[in-house]
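Participant: Fold the following and give me the result.
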Amino acid sequence: MHIAIVDSSRVVLKLVAGLLEPRGHVIEPFTDSAQALDYISAHPSITALITSLEVRPISGLELCWAARLLGDASRPLSIIVMSSSRSTHTLAEALDSGADDFIEKPPSAEELHARLRAAERLNTMQSALIRLAETDPLTGLTNRRAFMRRAHEAVADAGAGGSLAAILVDIDHFKRINDAHGHDVGDEAIKAVASLISGNGIAGRLGGEEFALLLPDRDIARALVVAERLRRRVVALRIPAEGGPVKLSCSFGVSAWRSGETVDGLLKRADIALYEAKSTGRDRVVSAREERPLSKAC
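Facilitator: So this is what the prediction gives:
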């Protein structure tokens, strides 16, 4: 496990690290609780926090509360409180502040390792729940909720000086596939298209036969190249069916993020372009109208 340890005493930090490092744990020691919180926030690889209550400038209870908010967002994080006081009141305060477990200070090796084994089990279960909550079960792509969360993060990064493009994808005449060949073949078609999209950027299934792809650090011209490549690969797909292989095509709408634009604005312009692609013949890539003078649409 990657563990942050916070205590005002360097002796305690050295003692705890000495118990954990031989077991393969990676330790990040801190005497400053504010620095520890910043590090945990910036490093999702931290999966456990062991903190004393007597720390500064943020108190141990406040640190538990702030760290719990980080852990609950989208990552597993176990919090273990150390204290030389094992009063019922102290234990209750720690648990109410977000701690998962409590251990006396200085901890014994046997008890500390047992607490961390329990933390690892808890993290494993929480990771599984996060995957279930964020993953589309048919395709393995992120679901709409998780995709939108990542989209907001991508727009924030673009606002810090980067670029970002969005591609919306819709399988053409999907209802005909279901009606003619059955829902099992339809599901295989969805999975095949998802497999092509996956790995190109931030990919998600928005619902039904519609997908979205975000391309960080790509402008409209490069995004159109990606979309056209995907269009050709979809046309080459053959989905096995009783009556013979089923051919597919998809329509694509592409937009590029503009300074100050929201996620909704970026995706709305791609959606309008997708609608135009569908209404003008399908099996094509169309860019948002505002961007056509700047680049040649495919």
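Participant: So which bits of stretch 137-145 are buried?
Facilitator: In terms of neighbour count (16 or more other CB atoms under 10 Å), stretch 137-145 has its buried residues at Thr139, Leu141, Thr142, Asn143. Glycine gets a C-beta too; all of them are placed from N, C-alpha and C.
Participant: Same list, these, but as JSON lines with pLDDT please.
Facilitator: Listed next are these as JSON lines, based on pLDDT from 0 to 100:
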{"residue": "Thr139", "pLDDT": "97"}
{"residue": "Leu141", "pLDDT": "97"}
{"residue": "Thr142", "pLDDT": "96"}
{"residue": "Asn143", "pLDDT": "96"}
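Participant: Relative to Arg115, which of the residues you listed is nearest.
Facilitator: Of all the buried residues of stretch 137-145, Thr142 has the smallest distance to Arg115: 33.0 Å, by CB to CB.
Participant: residue contacts, the spatially closest residue to that closest one that is not a sequence neighbour?
Facilitator: Nearest residue to Thr142, sequence neighbours excluded (CB to CB, 6 or more residues apart in numbering): Gly204, at 4.2 Å. Taking CB atoms under 8 Å, 6 or more residues apart in numbering, we find Gly204 in contact with Asp136, Leu141, Thr142, Asn143, Arg144, Ala146, Phe147, Arg150, Phe211, Ala212, Leu213.
Participant: what do you get for Glu93?
Facilitator: Contacts for Glu93 were tallied using CB under 8 Å, 6+ apart; they are Leu61.
Participant: could you say which helix or strand contains it?
Facilitator: Glu93 is part of helix 88-96, with elements assigned from DSSP states H and E.
Participant: re the thing from before, next one: the residue nearest to Thr142 from Ile167, what distance?
Facilitator: Separation of Gly204 from Ile167 (CB to CB, to the nearest Å): 11 Å.
Participant: any residues in contact with both of the two?
Facilitator: When contacts are counted by CB under 8 Å, 6+ apart, Gly204 and Ile167 are jointly contacted by Ala212, Leu213.
Participant: Ser9: how many residues sit nearby?
Facilitator: Counted with other CB atoms under 10 Å, residues neighbouring Ser9 total 14.
Participant: repeat for Ser78
Facilitator: Burial measure for Ser78: 24 neighbouring residues, criterion other CB under 10 Å.
Participant: What's opposite it in the beta bridge?
Facilitator: For Ser78, the residues forming beta bridges with it (DSSP bridges) are Ala48.
Participant: which SSE is the closest residue to Pro57 other than its chain neighbours in?
Facilitator: With CB to CB, 6+ apart as the criterion, Pro57 has its nearest non-adjacent residue at 5.4 Å, and that residue is Ala34. For Ala34, the host element (DSSP H and E) is helix 33-42.
Participant: Which other helices and strands does that helix contact?
Facilitator: Applying 3 or more CB pairs under 8 Å, 6 or more residues apart in numbering; DSSP states H and E, one finds that helix 33-42 contacts strand 2-6, strand 26-30, strand 48-52, helix 60-74.
Participant: so the residue nearest to Thr142 bridges to which residues?
Facilitator: As for beta bridges, Gly204 partners with Thr142, Ala212 under DSSP bridges.
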